[in-house]
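Participant: sequence first, predicted coordinates after that:
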Amino acid sequence: MTSAQKRRLRDNLTSYAFLLPSMVIMLTFLVFPILYALYISFHQWFGILPPKYIGLENYRRLLQDEAFHASLKVTGLYALMVVPTLTFASLVVAVILNQKIRFQNLYKGLIYVPVIASATVVSLIWKWIYNADFGILNWLMSALGLPERIWLGDTRLALPSIALMAIWQSLGYYMVMYFAGLQSIPPQLPEAAEIDGASRLQIFWHITVPLLRPVMLMVIVMATIGSFQVFDAVYVMTFGG
């Protein structure tokens, strides 16, 4: 083995040594639970007794469960409310904050604060905002001469109310992703288009949006995954009702 091959082998081993802790953590807390959950799904459990293999019976019962169908429908409606709105709203906010405006960093920080806040705390705050008796939202509705609503007790309003809270909390996270994508766009492109007479809307639609398609796809995928994983906000605000 030549010295160059030895050096390459040593570099590879060093790289794997640095990766090893992360790989162990991922295997322990991600891969193993997924595989074990898959194993459990093919068995029936009787408390302390050994599990009994039943094949696809659990999946058959799940597909015939009306509660599962209703939950899947509600989750799908929730995702349809949240994902498109987050995809578009976070892009617009990122484009606005990408301009040279005063207190730019302050606005970014204020929008990002809900992202790092606890989901339970955010849900409790919005539950107070939506409170039918002393919530600030009904107070504003009354001040504007509009009828007050039972936001979390009305079957027509509960899901949109939770979706609005989720959009508000996650907006800053996806804004940062778009903002990073905007920073990678060569400034010569919009400048050249502006010199050629393109309006800001045309620049946004024909230059900014096409160049941000990879970021937009990532936002859609992550927002969809997050929408189908929602639990804490629904449980805290409506107790699953």
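Facilitator: On my side now, so go ahead.
Participant: dump the strand or helix carrying residue 25 to CSV, restricted to CA.
Facilitator: Assigned by DSSP states H and E, residue 25 falls within helix 3-26. Extracted C-alpha coordinates of helix 3-26, given in CSV (Å, rounded to 0.1, in the frame of the first residue of the first chain):
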residue,chain,number,x,y,z
SER,A,3,1.7,6.4,1.2
ALA,A,4,-1.1,8.1,-0.7
GLN,A,5,-3.4,5.1,-0.2
LYS,A,6,-2.5,5.0,3.5
ARG,A,7,-3.2,8.7,3.9
ARG,A,8,-6.6,8.2,2.1
LEU,A,9,-7.5,5.3,4.3
ARG,A,10,-6.5,7.3,7.4
ASP,A,11,-8.7,10.2,6.3
ASN,A,12,-11.6,7.9,5.6
LEU,A,13,-11.3,6.3,9.0
THR,A,14,-11.2,9.7,10.7
SER,A,15,-14.3,10.8,8.8
TYR,A,16,-16.2,7.6,9.9
ALA,A,17,-15.0,8.2,13.5
PHE,A,18,-16.6,11.6,13.5
LEU,A,19,-19.8,10.2,11.9
LEU,A,20,-20.0,7.3,14.3
PRO,A,21,-21.8,9.1,17.3
SER,A,22,-24.4,10.6,15.0
MET,A,23,-24.9,7.2,13.3
VAL,A,24,-25.4,5.5,16.7
ILE,A,25,-27.9,8.0,17.8
MET,A,26,-29.8,7.8,14.5
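Participant: what's the pLDDT at residue 33?
Facilitator: With respect to pLDDT, residue 33 has a value of 91.
Participant: ok, how many other residues are close to it?
Facilitator: Residue 33 has 10 neighbours, counted by other CB atoms under 10 Å. For glycine as for every other residue, the C-beta is placed from the backbone atoms N, C-alpha and C.
Participant: and residue 44, that's in a strand?
Facilitator: Yes. With DSSP: H, G, I helix; E, B strand; the rest coil as the criterion, residue 44 is part of a strand.
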